[in-house]
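Visitor: quick one, fold the following:
(2 chains)
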Amino acid sequence: DAGVIQSPRHEVTEMGQEVTLRCKPISGHDYLFWYRQTMMRGLELLIYFNNNVPIDDSGMPEDRFSAKMPNASFSTLKIQPSEPRDSAVYFCASSLGGRAYDEQFFGPGTRLTVL
Amino acid sequence: DQQVKQNSPSLSVQEGRISILNCDYTNSMFDYFLWYKKYPAEGPTFLISISSIKDKNEDGRFTVFLNKSAKHLSLHIVPSQPGDSAVYFCAASGNAGNMLTFGGGTRLMVKP
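Guide: Next up is the predicted model:
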């Protein structure tokens, strides 16, 4: 398996533009997570899905952020409009099950820069 | 308020010596703890975990210690190798679920 795939790897955009980050989880994994890594806040969970259904989005910072999972092999995280403070590395992860011992496998991340 | 804290942003250790990375948590509902390792330009990868029913878990050169009364855990790497140079994240979950709360990370540098 190729692991969790994220695209693009780097994104540079201007303030006010819409940004869409993409993720393909590992086949057969029922859980998908979106994280954001910043210097100030470390690695924080934004939202996670179980069987394509959003379960907890309490980490989503604002209404400007939205996430979807239209099918088991694809998820998007959208920021509209983007702001400079959204600059961070965004990670997608997937796991087979929903227990603490079900290892989360992370993608390589998307480095977002909002000018 | 951060529920998982790694107070040392960086640590430098000589090759062959012991590396000790520390993590503190505040939420008494946390019952499962994990360490992830992250190399530059890659996603974090799972390293080792411990359940709250244990106070120690060992896997090769890596040992995690849990002190529930102090709400503190540590990761020991013995002996440290240059390939261990990475950012290490401590994470915790509660109620046996897999929503993870991560610390801010500690950058470990192992010098040859």
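Visitor: what's the closest non-adjacent residue to the residue nearest in space to the middle of chain A?
Guide: Closest residue to the average C-alpha location of chain A: A:Trp34 at 3.0 Å, with CA atoms, centre = their mean. Sequence neighbours aside, A:Leu46 is the residue nearest to A:Trp34 in space, at 4.4 Å (criterion: CB to CB, 6 or more residues apart in numbering or on different chains). Yep, even glycine has a C-beta here, placed from its N, CA and C like the rest.
Visitor: can you verify my assumption that the one you found contacts A:Asp56?
Guide: No - A:Leu46 lies out of contact with A:Asp56 (CB atoms under 8 Å); the separation is 9.6 Å.
Visitor: ok, those two, which is more surrounded?
Guide: A:Leu46 (20 against 15; other CB atoms under 10 Å in any protein chain shown).
Visitor: quick check: B:Trp35 touching B:Val64?
Guide: Yes - taking CB under 8 Å as the definition, B:Trp35 is a contact partner of B:Val64 at 6.2 Å.
Visitor: who in chain A is up against chain B?
Guide: When proximity is defined as CB under 8 Å from any CB of the partner chain, chain A approaches chain B at A:4, A:31, A:35, A:41-45, A:48, A:56, A:91, A:93, A:95, A:97-109.
Visitor: shared neighbours, B:Trp35 and B:Val64?
Guide: Common contacts of B:Trp35 and B:Val64 (CB atoms under 8 Å, 6 or more residues apart in numbering or on different chains): B:48-49, B:75.
Visitor: so, low pLDDT: which residues of chain A?
Guide: Scanning chain A with the threshold set as pLDDT under 70 gives A:1.
Visitor: for chain B, what's its nearest residue on it.
Guide: Closest contact between chain A and chain B, by CB to the nearest CB, is at A:Phe106 (3.0 Å).
Visitor: that residue reaches A:Gln6, doesn't it?
Guide: No - counting by CB under 8 Å, A:Phe106 does not reach A:Gln6; the two are 9.1 Å apart.
Visitor: which neighbours do these two have in common?
Guide: Contact criterion CB under 8 Å, 6+ apart; residues shared by A:Phe106 and A:Gln6: A:91-92.
Visitor: what about the closest residue to B:Lys71 other than its chain neighbours, how many neighbours?
Guide: Excluding its sequence neighbours, the residue lying closest to B:Lys71 (CB to CB, 6+ apart) is B:Tyr25, at 5.1 Å. Around B:Tyr25 sit 23 other residues, with neighbours defined as other CB under 10 Å.
Visitor: look up which residues are beta-bridged to B:Tyr25.
Guide: For B:Tyr25, the beta-bridge partners are B:Val4 (DSSP bridges).
Visitor: look up how far B:Pro112 lies from the residue lying closest to A:Asn50 once chain neighbours are set aside.
Guide: Distance criterion CB to CB, 6+ apart; nearest residue to A:Asn50, sequence neighbours excluded, is A:Tyr31 at 5.6 Å. In this view, A:Tyr31 and B:Pro112 are 40 Å apart by CB to CB, to the nearest Å.
Visitor: out of the two, which sits in the more crowded spot?
Guide: Neighbours were counted for A:Tyr31 and for B:Pro112 using other CB under 10 Å; A:Tyr31 has more, 21 against 8.
Visitor: tell me the contacts of that one?
Guide: A:48-50, A:94-98, A:102, A:104, B:98.
Visitor: before we move on, what about B:Asn67?
Guide: By CB under 8 Å, 6+ apart, the residues touching B:Asn67 are B:55, B:73.
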